[in-house]
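Participant: Here is my input; please provide its structure:
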Amino acid sequence: MRTIIEPFKIKTVEPVRLTTPAEREANLREAGYNVFLLRAEDVLIDLLTDSGTSAMSAEQWAAVMRGDESYAGSRSWYRFEAAVGDIFGFRHVLPTHQGRAAERILFSILCAPGDVVPNNTHFDTTRANVEAAGATAVDFVIAEGRIPSARHPFKGNMDVARLRALVAEVGRERIPLCMLTVTNNSGGGQPVSMANVREVSAVCREHGIPLYIDACRFAENAYFIKLREEGYADRTPIDIARELFSYADGCTMSAKKDGMANIGGFLATNDDELARRQRNLLILTEGFPTYGGLAGRDLEAIAVGLHEALDEDYLLYRITSTTYLGEHVSRAGVPIVQPPGGHAVYLDASAIFPQIPALELPGQALVVELYREAGIRAVEIGTVMFGRRDPATGDESPAAMELVRLAIPRRVYTQSHIDYVVEGILNVWDRREAVRGYAFVEQAAVLRHFTARFAPM
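Facilitator: A predicted model of the protein is given here:
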């Protein structure tokens, strides 16, 4: 059959509320034109993030009911530890309440002022936690990954030559670790090839640099490898994932993505001494090492969800539904990051609104117009999120790309919802020439996109 269907049946439904254009306009003004500050009940299709927004399965809900809430050594912890070990293979696993907690523990222990941390592309919280430790986060994605319209099967790959040059320039002692983000969220949800993982790992091991994987969307990355990389077509996603992690020394994980859960994450490592130090900090800030800030029921849901995310029927539906959205708007002329990513479609706001300069925030303008037009909530990944403001002068420096991400929650929306999103995007596209930019009214010093307020130009 050519039609790819949702590989699940819907047993529980949640109503969504339709809003009028006048209501949406009032909501935008009240929120300072920042969709993070909207009430969720005023959003019709919520594509702000795929983090923690998944619909859990019947098996996950059944597992929730057997959650063991013992403070130490609960049965739920051992099931969680076994599931993580089965897939990721690292000796030490520390549960955390979400991925950024794992990042904070990792970087606060390993990084010092003056250090440099390379990545294919750091996402927002990863970069913020590196910089909070006094280190510098640098992005070494390949050249194709910096050109939205360029087509490449693995646009998330790291530029290995630039990694080698960094080691030669600053010295191994200033590089406490190297990271690879799979899939590459900031760069369009693009995958990293197994060959690239091996190359990066070889450079790191040559110089004694620990390699960590940001594993949020590891299952999607494994499936892209199966689809696109020679020699992997007959391999299962779990087998591919196990090989990928075998080249690393540890990982951070937000189980709110490919853990298919609504909360949770973990930090994993093969370094015994580092694990001891991380565990001590975990106890101080997150909780005892067998719960790490999570309820036993959450550990159970993650233990089930990690394996469900590797199911091939699910992954086929997941990748195909995202591609469906991307191809439908692209065929109508809307510029997107090509090819469509695994968890999201990224609209190229600078190409959609060439009349809006980067410092007038074309990505934010597009986010506002999508909500204004159809009640769709998306997120800007451009100058609002990754631009820089000079604290002394107030001068702004734009980001490298002006993107808007439409992140699709797992197992939540049907094809008719996606068709509605297509229609909303095309309606904005038809009146694109009339759209104008935005200016900051308020902004925080760190992670400003979450709380900033704006005004139309």
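Participant: Let me see the ranges of the helices in the stretch 51-200 of the chain.
Facilitator: Counting by DSSP state H, counting those that start in this stretch, the stretch 51-200 of the chain has helices at residues 58-65, 75-88, 99-110, 124-132, 160-170, 194-207.
Participant: For those, give me CSV that also has mean neighbour count and mean pLDDT.
Facilitator: The way it works is simple: take the backbone N, C-alpha and C, and place the C-beta from them, glycine included. Putting the helices of the stretch 51-200 of the chain into CSV (neighbours: other CB atoms under 10 Å; pLDDT from 0 to 100) gives the following:
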stretch, mean neighbour count, mean pLDDT
helix 58-65, 16, 97
helix 75-88, 19, 98
helix 99-110, 24, 96
helix 124-132, 20, 92
helix 160-170, 15, 98
helix 194-207, 18, 98
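Participant: Now these in TSV, please, with extra columns for distance to I225.
Facilitator: As requested, the helices of the stretch 51-200 of the chain are exported to TSV (distance: least, CB to CB, whole Å):
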stretch	distance to I225
helix 58-65	26
helix 75-88	15
helix 99-110	22
helix 124-132	22
helix 160-170	18
helix 194-207	5
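Participant: Go through those and name the closest to F154.
Facilitator: helix 194-207 (6.5 Å; CB to CB).
Participant: For stretch 401-414, what is the distance to the chain centroid?
Facilitator: 10 Å (CA atoms, centre = their mean, to the nearest Å).
Participant: By mean pLDDT, flag the weakest helix or strand of the chain.
Facilitator: strand 388-389 (a mean of 84; mean pLDDT, DSSP states H and E).
Participant: which neighbours does the helix or strand following it have in its sheet, and in what orientation?
Facilitator: Downstream of strand 388-389, the next assigned helix or strand under DSSP states H and E is strand 396-397. Sheet pairing for strand 396-397, assigned by DSSP bridges, gives strand 388-389 (antiparallel).
Participant: what residues does the partner strand touch?
Facilitator: For strand 388-389, contacts defined as CB atoms under 8 Å, 6 or more residues apart in numbering pick out 395-397, 443, 448.
Participant: Of the residues you listed, grab the buried ones for PyMOL.
Facilitator: Command for PyMOL that selects the buried part of the contacts of strand 388-389, burial taken from 16 or more other CB atoms under 10 Å:
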select buried, resi 396+443+448
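Participant: Using TSV, lay out the contacts of strand 388-389 together with distance to G99.
Facilitator: Listed next are the contacts of strand 388-389 as TSV, based on distance: CB to CB, whole Å:
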residue	distance to G99
D395	32
E396	28
S397	27
Q443	24
R448	20
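Participant: Would you agree A63 is in contact with H307?
Facilitator: No. Between A63 and H307 there is no contact under CB atoms under 8 Å: 11.2 Å.
Participant: State the helix or strand in which the spatially closest residue to W77 that is not a sequence neighbour lies.
Facilitator: In space, and not counting its chain neighbours, W77 is closest to T290: 3.9 Å by CB to CB, 6 or more residues apart in numbering. Per DSSP H and E, T290 falls between elements, in no helix or strand.
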